[in-house]
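[1] Got a predicted model here, sequence first, then my questions.
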Amino acid sequence: RNPFAGPELEAGAKVQQATTPTPGTSRGSRETAGNRQEAGPQQGAKGPSASAAEGNPAPVSAPPAAPAPPITPASGAPPVSSPAAAANPPPLALSPLKVTTSSLRREGGRWQVVRQEVRVDASDVDLGEEEGLRLIQIPAGDFLMGSPATEPERSADEGPQHRVWLGSFLLGQTPVTQAQWGVVARWPKLELDLTPNPSSYKGARRPVEQVRWEQAMEFCRRLSQRTGLAFTLPSEAQWEYACRAGTTTPFAFGDTITPELANYHGDFPYANGPRGRWRGKTTDVASFPANGWGLHDMHGNVWEWCLDTWHGSYEGAPTDGSPWLTGTDSRKLLRGGSWYYLPRNCRSAYRGLNHPDYARNLVGFRVVCLPQGPSLIP
């Protein structure tokens, strides 16, 4: 079989309807059907409420176990790869790829999903064992990072908005899958052992989850060593730039979102948007349309680790797309929301955080490849 063949789009796939929970607590507030709640993966302040025994995978019909008390993270995370390896990487062949993208529009008093095909440039990295990793070329450009004060249900830590300029880079078209993770986990250890099958919700094309930040970094180090390319986790700026794909709305699809377009807690609408099914678990990657730059699952499915250290605002943030690694806070950024969280947590600008040792069936990652040189590698 073709190791790079992606799964068929399955926006209408059958899923088991799960019991609606109250999806969490946040900064002193609780969500009910009639009031807002801020959720995110941070233990306590931004995490889901307890509903299952500690350490057990969450059943489809109930929310997952509450996050464990954070473990003291290891200090001094090593670099992803050496500048020497990144300075002269082998060339990556780019090929045109057609993908289906969607937008959500209000027509005749109803929300309509409008689909269209776009062409993007992609490159495939052969991992062996009939598995590949598809990368999408993200164009160079600039954007306004963060959310405006007028955006519904925004958080103060999404500001101040600031312009960021980025060079071109390559980003994983989807979160890393369990099949891809399994192949790399069997490669020789560099600094950490990797469990080949850590995920709670099993499936070769489902995103790998229950992965700590340090383990995601080990995955990137192994890719870098094997390929001679510069793989790492995306910076927070790279992630948001790629997620927005040229848009300025809360979601890449428009002013609101629907479970037809992403895997999140669909029982709760956003900004007078439509309700829908809550699937209660992860779904195969690329089951939903891509954004305008060909990336799948940027909203929902699993939270995605970023390289940056947490800062409570963008005051003093880099403006060149590089990761923000200074500061005394050991927590790391998480982006994109997940299958369990509210639509507000899946917005392009929403910022989650947790300790590097956090690992639950809500958290995965995707990789960035920096073929232009080592400038963005810590």
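    The structure has been received and is ready for your questions.

[2] Strand partners (parallel or antiparallel) of the longest strand along the chain?
    Longest strand in the chain by number of residues (criterion: DSSP state E): strand 110-128. Strand 110-128 has the following strand partners under DSSP bridges: strand 95-107 (antiparallel), strand 131-138 (antiparallel).

[3] separation between the nearest residue to Phe253 once chain neighbours are set aside and His296?
    Nearest residue to Phe253 in three dimensions, chain neighbours excluded: Leu104, at 4.8 Å (CB to CB, 6 or more residues apart in numbering). Just so you know, the C-beta spots here come from the backbone N, C-alpha and C atoms, and that holds for glycine as well. Leu104 is 16 Å from His296, where distance means CB to CB, to the nearest Å.

[4] The two: which is more packed in?
    His296 (27 against 21; other CB atoms under 10 Å).

[5] Tell me, how many residues neighbour Ser200?
    By the measure other CB under 10 Å, the count of residues near Ser200 is 18.

[6] I figured it hits Asn361, correct?
    Yes: with contact defined as CB atoms under 8 Å, Ser200 counts as touching Asn361 (3.6 Å).

[7] Could you confirm Gln215 falls within a strand?
    No: read with DSSP: H, G, I helix; E, B strand; the rest coil, Gln215 is helix and lies in no strand.

[8] And for it, the neighbour number?
    When counting by other CB under 10 Å, one arrives at 23 neighbours for Gln215.

[9] my guess is it meets Leu190, correct?
    No: applying CB under 8 Å, one finds Gln215 not in contact with Leu190, separated by 11.7 Å.

[10] Quick check, Thr249 in contact with Asp255.
    Yes: Thr249 lies in contact with Asp255 (CB under 8 Å); the separation is 5.2 Å.

[11] And the helices in the stretch 51-200 of the chain?
    In the stretch 51-200 of the chain, the helices defined using DSSP state H, counting those that start in this stretch lie at 83-87, 178-185.

[12] Lowest average pLDDT across these?
    When the helices of the stretch 51-200 of the chain are compared by mean pLDDT, helix 83-87 comes last with a mean of 37.

[13] before we move on, back to that, how about the longest strand of the chain as CSV, C-alpha atoms only?
    Provided in CSV are the C-alpha atoms of strand 110-128 (Å, rounded to 0.1, in the frame of the first residue of the first chain):
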residue,chain,number,x,y,z
ARG,A,110,-29.0,28.8,8.9
TRP,A,111,-25.3,27.9,9.1
GLN,A,112,-24.1,26.3,5.9
VAL,A,113,-20.8,24.4,5.3
VAL,A,114,-19.3,25.4,2.0
ARG,A,115,-16.6,23.1,0.7
GLN,A,116,-14.0,23.7,-2.0
GLU,A,117,-10.7,22.2,-3.3
VAL,A,118,-7.4,24.0,-2.8
ARG,A,119,-3.9,23.1,-4.0
VAL,A,120,-1.0,23.1,-1.6
ASP,A,121,2.6,21.9,-1.7
ALA,A,122,3.5,18.8,0.2
SER,A,123,6.5,16.6,0.9
ASP,A,124,6.5,13.0,2.2
VAL,A,125,9.1,11.6,4.5
ASP,A,126,9.4,7.8,4.4
LEU,A,127,9.6,6.3,7.9
GLY,A,128,9.8,2.7,6.9
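
[14] Buried ones in it, by neighbour count?
    111, 113, 120-125, 127 (16 or more other CB atoms under 10 Å).

[15] same check, this time on stretch 225-241
    225, 227, 229-241.

[16] burial count for Asp284?
    As a burial measure, Asp284 scores 23 neighbours (other CB under 10 Å).

[17] That one and Lys202 touch, don't they?
    No: contact criterion CB under 8 Å: Asp284 and Lys202 do not qualify, at 11.6 Å.

[18] Where do the strands of the stretch 151-300 of the chain begin and end?
    Listed in chain order, the strands of the stretch 151-300 of the chain (DSSP state E, counting those that start in this stretch) span 162-166, 169-172, 231-232.

[19] Buried deepest among those strands, which one?
    Of all those, strand 231-232 carries the top mean neighbour count, a mean of 26, counting by mean count of other CB atoms under 10 Å.

[20] can you tell me the average pLDDT over it?
    Strand 231-232 comes out with an average pLDDT of 97.

[21] What helices and strands are in contact with it?
    Judged by 3 or more CB pairs under 8 Å, 6 or more residues apart in numbering; DSSP states H and E, strand 231-232 is in contact with helix 213-227, strand 368-369.

[22] Neighbouring strands - and their directions - for that strand?
    Sheet pairing of strand 231-232 (DSSP bridges) gives strand 368-369 (antiparallel).

[23] Pull the residues that contact the partner strand.
    92, 125, 135, 169-172, 229-235, 238 (CB atoms under 8 Å, 6 or more residues apart in numbering).

[24] can you count the residues close to the residue nearest to Trp213 when sequence neighbours are not counted?
    Closest residue to Trp213 apart from its sequence neighbours, by CB to CB, 6+ apart: Pro356 at 3.7 Å. Pro356: 23 surrounding residues under other CB under 10 Å.

[25] how far away is Pro356 from Ser313?
    Per CB to CB, Pro356 is found 21 Å from Ser313.
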